[in-house]
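K.L.:
Build me a model from this:
(chains A and B)
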Number of protein chains: 2
Amino acid sequence: MSYSLFSKSFIFTAREDPKAAECDSQRFLLKGCYLFMLSSGIYSYLPLGRRVLEKISMIIRKHMNSAGAQELLMSALQPIEIWKKTGRDKILEEVMFKFIDRKKRTLCLGPTHEEVITEIVRKYASSYKQLPFTLYQIQTKFRDEPRPRFGLVRSCEFIMKDAYSFDGDEEGLNVSYEKMLKAYRSIFTECGLQFVMTEADSGAMGGSVSHEFLVLSPVGEDILFYCRGCGHYYRQEQDCPQCKSKTEEKRMIEVGHIFKLGTKYSAAQNAVFLDRQGQRRPVVMGCYGIGVSRLLPAIIEQNFDAKGIIWPEAISPFDLTLIVLDESLLNEAISFAQILEREDIDTLIDDRNDNAGVKFNDAGLIGSPYTAIMGKNYLHDGKIEVEVRKTKERISLSKEEFINFLKEKNNEKK
Amino acid sequence: MSYSLFSKSFIFTAREDPKAAECDSQRFLLKGCYLFMLSSGIYSYLPLGRRVLEKISMIIRKHMNSAGAQELLMSALQPIEIWKKTGRDKILEEVMFKFIDRKKRTLCLGPTHEEVITEIVRKYASSYKQLPFTLYQIQTKFRDEPRPRFGLVRSCEFIMKDAYSFDGDEEGLNVSYEKMLKAYRSIFTECGLQFVMTEADSGAMGGSVSHEFLVLSPVGEDILFYCRGCGHYYRQEQDCPQCKSKTEEKRMIEVGHIFKLGTKYSAAQNAVFLDRQGQRRPVVMGCYGIGVSRLLPAIIEQNFDAKGIIWPEAISPFDLTLIVLDESLLNEAISFAQILEREDIDTLIDDRNDNAGVKFNDAGLIGSPYTAIMGKNYLHDGKIEVEVRKTKERISLSKEEFINFLKEKNNEKK
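P.N.:
Alright, predicted model coming up:
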């Protein structure tokens, strides 16, 4: 990516809070020109929103690839026949968008992809020599939601990262599962989230063990009970079994869920391999989901103030908003942004013909980790005023000092 | 990206030609483990296929961004009401997947996005000061195809790059259109395609002027007439008006189509702005499509031989297939691939416990621009045998010579 001029960018912020907003994250995403609502539960990511999606996706890819997973891309369209094999055409019937095409095929839009990936693996994996492997995709999914709510927290079309591991036995599955669990911790940490991991119910997915990754937020639909004494979380309301203190109800947003599926799908869909002894056995599967688009509101719910979003450094659409308060400084600002570009620092230069108040408000709303001001001071003594979005700390730095400051922050990020 | 070990990769090539293949490109994509067919017209991109998609997408992004276009991501789900505004709910009725959700909304899956983008612009653009701008997305589209054919050439779910320009007047549109036309030439050239650009019919899209970008292929569904004398192409069968020679029918695949839409959509959907004189006027639009997933077969149809695919350098999933014929050389091969990685050269190391014949066959099928062999010669004199996939030229190079050779090729690519 590179620097952008605000005056040429598709960023048209609103003065008023949008009426459609049901929570803080949605309010700022709509007001800040991150997101466009076409209809209830149906959103477009405007250029700012897409930049955040892209940054989150790159973090996910980095950690999935490091864990040895391979990326593919499956179709959203799925013939209903493969769902009949596992009986989930009935279990998920209510949330599936289904229709008949002109060839009289019944198709659905995938709310998840266990059945499709199992068909793929059935075709290709025939021997223990090919195992283990883990495949993943970052892809759009669909759900006929009874109650689309809180913007991207619960929408009818959303982006997921879904991964699937394939092993020859339970031991192998445990290894693959642990690798994913570790990758998940790294991903959510790098996204700047405070999260909790708990054992969970496997629900419609089936299988034995599952873990959920949850983020504290008043708009969450999951509930945990937090011990006021020792800080543990529990699924059920109870006094803390460890320190006996009272627990308190906390609403949480689910951002990730991982499952040991075992052979539920492979047995139903006949995805078998020949083991070392030449015996046909169903592959042993795990599946691992992250709500990619849901991470936007989840992160914002943990990172905002009255002015707007406070993006964690790794996923902000821009690293820096550079406010130019004197037209004569624009070329100076551009050449400064070009220097930063070489250090992988993305700058939004606010070059608009607007007053300082409007520019400060928008910088706060859009939420880059740093706001820098090139104004009167810069003309006098070459100093740039820098405000740290999160702490509101203000420092005055020369260009060289500021470059070093950002380089250091960027290294910490990596 | 980085180097990959064949033995750990989801690449399971077929020995036999797949029965489902209707043309050479589809045959190699299925046989080479690039693509999985779930049902007629419905495909998944396996890891090799996804790598090619990603490389094509990055080329498109580079040229779109250079032309000043901004990326966004719109929803596939669209309420039918916005299509009623332009009357295209009737015009495109036959190819639209449509269904009613549990709230009794009629939704369709977007076969294209003029209506959605016009809704977005209607909301945000209110003044001439905000114009011009161009928005684009790389996104999955859906068509209820009467005849899905030739794999990714005509499928029910496909990936498109669609861009939309917004100007205050026709003059502005002409400038935006020329920029896109120039970007398109760069994109198709960098993808290694021989293409033809012709004026075309605007069809269901509406508007005045349109240009198609076409690629010569026996599986194409468009037809042009080629002059055997001067090499010009014509829409209609006729003797060449320039040199009077006979023309010959040529089948072509459409890979891009650009349109001057004018105010057809903005007028119907009331996307208006205040001009310099304070008059309300509809924005003047252009739209610009590339069949991203269709580029895979289009490129292969122009680049293959009896063995398999011959990828152009810029979009090959790997720059190099490195065949290791002696197990003792594997560590050597890996450290060599790591050196190449630093030069942005992606290597597929064929470390499988298979005979040389199998490995050469797969290298030919998968189609990296270069195949390198580390075998007996390397043990004797440190020489790597290099075969250029396209010319079959064979050269024997030391590691250092080979690195320089690839670096040079890589610089040409950029």
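K.L.:
Need phi/psi at A:Cys230.
P.N.:
The phi and psi values for A:Cys230, taken as degrees, to the nearest 10, are phi -100, psi 0.
K.L.:
Which residue comes closest to it once chain neighbours are left out?
P.N.:
What sits nearest to A:Cys230 in space, not counting adjacent residues and going by Cβ to Cβ, 6 or more residues apart in numbering or on different chains, is A:Cys243, at 4.3 Å. In short, each C-beta sits where N, CA and C put it, glycine included.
K.L.:
Give me the neighbour count for that neighbour.
P.N.:
Per other Cβ atoms under 10 Å in any protein chain shown, the neighbour tally for A:Cys243 reads 12.
K.L.:
residues in contact with it?
P.N.:
A:227, A:229-230 (Cβ atoms under 8 Å, 6 or more residues apart in numbering or on different chains).
K.L.:
Strands of the stretch 151-300 of chain A, residue ranges please.
P.N.:
Per DSSP state E, counting those that start in this stretch, the stretch 151-300 of chain A carries strands over the ranges A:157-167, A:195-199, A:210-216, A:222-227, A:233-234, A:247-262, A:272-274, A:280-282, A:284-291.
K.L.:
So for whichever residue of the stretch 201-350 of chain A sits closest to chain B, what pLDDT did the model give?
P.N.:
As assessed by Cβ to the nearest Cβ, chain B sits closest to A:Ser293 within the stretch 201-350 of chain A, at 9.7 Å. Per-residue pLDDT puts A:Ser293 at 98.
K.L.:
again with A:Lys413
P.N.:
We note a pLDDT of 66 for A:Lys413 in this prediction.
K.L.:
on that earlier part again, worst average pLDDT in the strands of the stretch 151-300 of chain A?
P.N.:
Ranked by mean pLDDT, these bottom out at strand A:233-234, with a mean of 88.
K.L.:
packing partners for it?
P.N.:
With contacts taken as 3 or more Cβ pairs under 8 Å, 6 or more residues apart in numbering or on different chains; DSSP states H and E, strand A:233-234 sits against strand A:222-227.
K.L.:
Run through who's touching the strand it packs on.
P.N.:
Outside strand A:222-227, the residues that touch it by Cβ under 8 Å, 6+ apart are A:196, A:198, A:212, A:214, A:232-238, A:240, A:242-243, A:245-254.
K.L.:
What's the separation between the residue nearest to A:Cys230 and A:Tyr233?
P.N.:
13 Å (Cβ to Cβ, to the nearest Å).
K.L.:
Ok, A:Asp362 next?
P.N.:
Going from A:Asp362 to A:Tyr233 by Cβ to Cβ gives 38 Å.
K.L.:
neighbour count winner among those two?
P.N.:
Neighbour totals were compared for A:Asp362 and A:Tyr233, and A:Asp362 leads with 24 against 17 (other Cβ under 10 Å).
K.L.:
Confirm the more buried one sits in a helix?
P.N.:
Yes: when DSSP: H, G, I helix; E, B strand; the rest coil is applied, A:Asp362 is found to be in a helix.
K.L.:
OK, contacts around it?
P.N.:
Counting by Cβ under 8 Å, 6+ apart, A:Asp362 makes contact with A:6, A:11, A:13, A:350.
K.L.:
Which one (most neighbours) among the residues you listed?
P.N.:
Top of the contacts of A:Asp362 by neighbour count (other Cβ under 10 Å): A:Asp350, with 29 neighbours.
K.L.:
For that one, name its beta-bridge partners.
P.N.:
Listed beta-bridge partners, A:Asp350: A:Ile323 (assigned using DSSP bridges).
K.L.:
Quickly list what A:Lys98 is bridged to.
P.N.:
Under DSSP bridges, the beta-bridge partners of A:Lys98 are A:Cys108.
K.L.:
Now do A:Asp17 against A:Val52, distance only.
P.N.:
When distance is defined by Cβ to Cβ, A:Asp17 is 20 Å away from A:Val52.
K.L.:
Equivalent analysis for A:Met197, please.
P.N.:
Between A:Met197 and A:Val52 the computed distance is 24 Å (Cβ to Cβ).
K.L.:
More neighbours: those two, which one.
P.N.:
With neighbours defined as other Cβ under 10 Å, A:Met197 and A:Val52 compare such that A:Val52 has more, 24 against 16.
K.L.:
what's the helix or strand the more buried one falls within in contact with?
P.N.:
Using DSSP states H and E, A:Val52 sits within helix A:47-66. By Cβ under 8 Å, 6+ apart, the surrounding residues in contact with helix A:47-66 are A:1, A:9-11, A:29, A:32-35, A:45, A:71, A:136, A:138, A:159, A:161, A:163, A:183, A:186-187, A:190-191, A:290, A:292-293, A:295-296, A:311, A:314-318, A:366, B:2, B:70-73, B:135.
K.L.:
List buried residues within those residues.
P.N.:
Neighbour-count burial (16 or more other Cβ atoms under 10 Å in any protein chain shown) is assigned, among the contacts of helix A:47-66, to A:9-11, A:29, A:32-35, A:45, A:71, A:136, A:138, A:159, A:161, A:163, A:183, A:187, A:190-191, A:290, A:292-293, A:295-296, A:311, A:314-318, A:366, B:70-73, B:135.
K.L.:
I'd say A:Lys244 and A:Cys230 touch.
P.N.:
No: applying Cβ atoms under 8 Å as the test, A:Lys244 and A:Cys230 come out as separate, 9.5 Å apart.
K.L.:
Could you find the residue in the stretch 251-400 of chain A that comes nearest to chain B?
P.N.:
The nearest approach of the stretch 251-400 of chain A to chain B comes at A:Asn353, 8.7 Å away (Cβ to the nearest Cβ).
K.L.:
Contact partners for that residue?
P.N.:
A:7, A:327.
K.L.:
Repeat that for the one 10 residues further on.
P.N.:
Counting by Cβ under 8 Å, 6+ apart, A:Ala363 touches A:321, A:323, A:350, A:371.
K.L.:
Tabulate the residues you listed (TSV), appending distance to B:Arg394.
P.N.:
What follows is these, written out as TSV (distance: Cβ to Cβ, whole Å):
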residue	distance to B:Arg394
A:Thr321	56
A:Ile323	60
A:Asp350	58
A:Thr371	59
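K.L.:
Pull the most distant pair out of those.
P.N.:
Using Cβ to Cβ, the contacts of A:Ala363 span at most 9.0 Å, a distance reached by A:Asp350 and A:Thr371.
K.L.:
what is in contact with those two at once?
P.N.:
Common neighbours of A:Asp350 and A:Thr371, counting by Cβ under 8 Å, 6+ apart, are A:321, A:323, A:363.
K.L.:
pretty sure A:Val372 is touching A:Thr321, no?
P.N.:
Actually, residue A:372 is Ala rather than Val. Yes: counting by Cβ under 8 Å, A:Thr321 is a contact partner of A:Ala372 at 7.3 Å.
K.L.:
what is A:Gly256 paired to in the beta sheet?
P.N.:
With DSSP bridges as the criterion, A:Gly256 is bridged to A:Phe213, A:Ile290.
K.L.:
I'd assumed A:Glu212 was in contact with it.
P.N.:
Yes: assessed by Cβ under 8 Å, A:Gly256 is found in contact with A:Glu212 at 7.0 Å.
K.L.:
who has more neighbours, the two?
P.N.:
Legend: neighbour count by other Cβ under 10 Å for A:Gly256 and A:Glu212, higher for A:Gly256 (25 against 21).
K.L.:
Now do the contacts for the more buried one.
P.N.:
A:184, A:187-188, A:212-213, A:288-291.
K.L.:
can I get those residues in TSV with distance to B:Arg394?
P.N.:
Below are the contacts of A:Gly256 laid out as TSV (distance: Cβ to Cβ, whole Å):
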residue	distance to B:Arg394
A:Tyr184	47
A:Ile187	45
A:Phe188	50
A:Glu212	56
A:Phe213	53
A:Tyr288	45
A:Gly289	48
A:Ile290	47
A:Gly291	51
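K.L.:
quick revisit: for the record, mean pLDDT for the helix holding A:Val52?
P.N.:
According to the model, helix A:47-66 has a mean pLDDT of 98.
K.L.:
Now do the buried residues in that helix.
P.N.:
A:47-57, A:59-61, A:63-64.
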